[in-house]
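A.B. asks: structural data only, the sequence is not supplied:
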């Protein structure tokens, strides 16, 4: 595997389900990001982890819970989502916190 | 906070040049980026320019930066149908992540 990978690529879930999105980077970076991309809004930064520590949380509802167990892996735990949370969730990584960011292919989430 | 603006749509004929424009508000932006997103895919870094440069050329891509007007452009020479995608401008201002524009959808007509 190379670059940034995300699984699953597509996810359909009910409002009462609990699921997790996974991101893995194979670039030796030390920062990872979650973005939300929807038709109504441009790319929205959700969370930033630098050296496995959360350094930014952009007023994201608590039904989204990130986890960064090490510098290569990032998770987004989802529970009791709303239909308006349906979007493309993109993971990215970078070196030194915020220079060139490399993106994964995204997870297309649909909340029924 | 930082604001990044792009026009939403551009249509060109195959073989023509495409110019995608971006304006930003924070004059302290140090790195400015162009990303490409094809349908169903993530964002692919195309090129970037440092704020102390006016122009950068990379094969068919030319990036122009006007710091005075806070204006960034991406020119694609000899545009091909494979260039059809959404192009995002992004700037780094010292925050821990990039600020993205809303993206410009480029449609290339044969």
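C.D. replies: Arrived safely. Every value quoted in this text rests on a predicted model; they were computed, and no experiment measured them.
A.B. asks: who does the residue nearest the centre of chain A form a beta bridge with?
C.D. replies: Among the residues of chain A, the one closest to the centroid is residue A:34, at 3.3 Å (CA atoms, centre = their mean). Residue A:34 has these beta-bridge partners by DSSP bridges: residue A:47, residue A:91.
A.B. asks: give the contact list for it.
C.D. replies: Residue A:34 is in contact with A:23, A:45-47, A:66, A:74, A:76, A:89-91, counting by CB atoms under 8 Å, 6 or more residues apart in numbering or on different chains. Backbone N, C-alpha and C define where each C-beta goes, glycine included.
A.B. asks: flag whichever of these scores worst on pLDDT.
C.D. replies: Confidence by pLDDT is poorest for residue A:45 among those, given 88.
A.B. asks: which SSE is it in?
C.D. replies: Assigning secondary structure by DSSP states H and E places residue A:45 in strand A:44-50.
A.B. asks: what of residue B:52?
C.D. replies: Counting by DSSP H and E, residue B:52 is part of no helix or strand.
A.B. asks: for residue B:49, state which of the contacts of residue A:34 is nearest.
C.D. replies: When the contacts of residue A:34 are compared for distance to residue B:49 (CB to CB), residue A:45 wins out at 21.6 Å.
A.B. asks: that older thread, pick out the most distant pair among the contacts of residue A:34.
C.D. replies: The distance between the two most remote of those (CB to CB) is 14.5 Å, for A:23 and A:45.
A.B. asks: more crowded one of the two?
C.D. replies: The residue with more neighbours, out of residue A:23 and residue A:45, is residue A:23; 27 against 20, by other CB atoms under 10 Å in any protein chain shown.
A.B. asks: against residue A:39, how distant is the closest residue to the more buried one other than its chain neighbours?
C.D. replies: The shortest distance from residue A:23 to any non-neighbouring residue, by CB to CB, 6 or more residues apart in numbering or on different chains, is to residue A:91 (3.4 Å). Residue A:91 is 20 Å from residue A:39, where distance means CB to CB, to the nearest Å.
A.B. asks: more neighbours: the two, which one.
C.D. replies: residue A:91 (28 against 7).
A.B. asks: just name the shakiest helix or strand of chain B by mean pLDDT.
C.D. replies: Lowest by mean pLDDT, DSSP states H and E among the helices and strands of chain B is strand B:99-100, with a mean of 88.
A.B. asks: just checking, what packs against that one?
C.D. replies: Here strand B:99-100 touches strand B:85-92, going by 3 or more CB pairs under 8 Å, 6 or more residues apart in numbering or on different chains; DSSP states H and E.
A.B. asks: list the contacts of residue 72.
C.D. replies: Defaulting to chain A. Per CB under 8 Å, 6+ apart, neighbours of residue A:72: A:24-26.
A.B. asks: wait, I meant chain B there
C.D. replies: With the criterion set at CB under 8 Å, 6+ apart, residue B:72 makes contact with B:21-24, B:32, B:49, B:63-66, B:89, B:91.
A.B. asks: now do residue B:13
C.D. replies: Contacts for residue B:13 (CB under 8 Å, 6+ apart) come out as B:79, B:108-110.
A.B. asks: listing partners with orientation, what would you give for the lowest-mean-pLDDT helix or strand in chain A?
C.D. replies: Least confident helix or strand, chain A: strand A:53-57 with a mean of 76, by mean pLDDT, DSSP H and E. Partner strands and pairing direction for strand A:53-57 (DSSP bridges) are strand A:44-50 (antiparallel).
A.B. asks: buried residues in the partner strand?
C.D. replies: Residues A:45-50 are the ones in strand A:44-50 that count as buried (16 or more other CB atoms under 10 Å in any protein chain shown).
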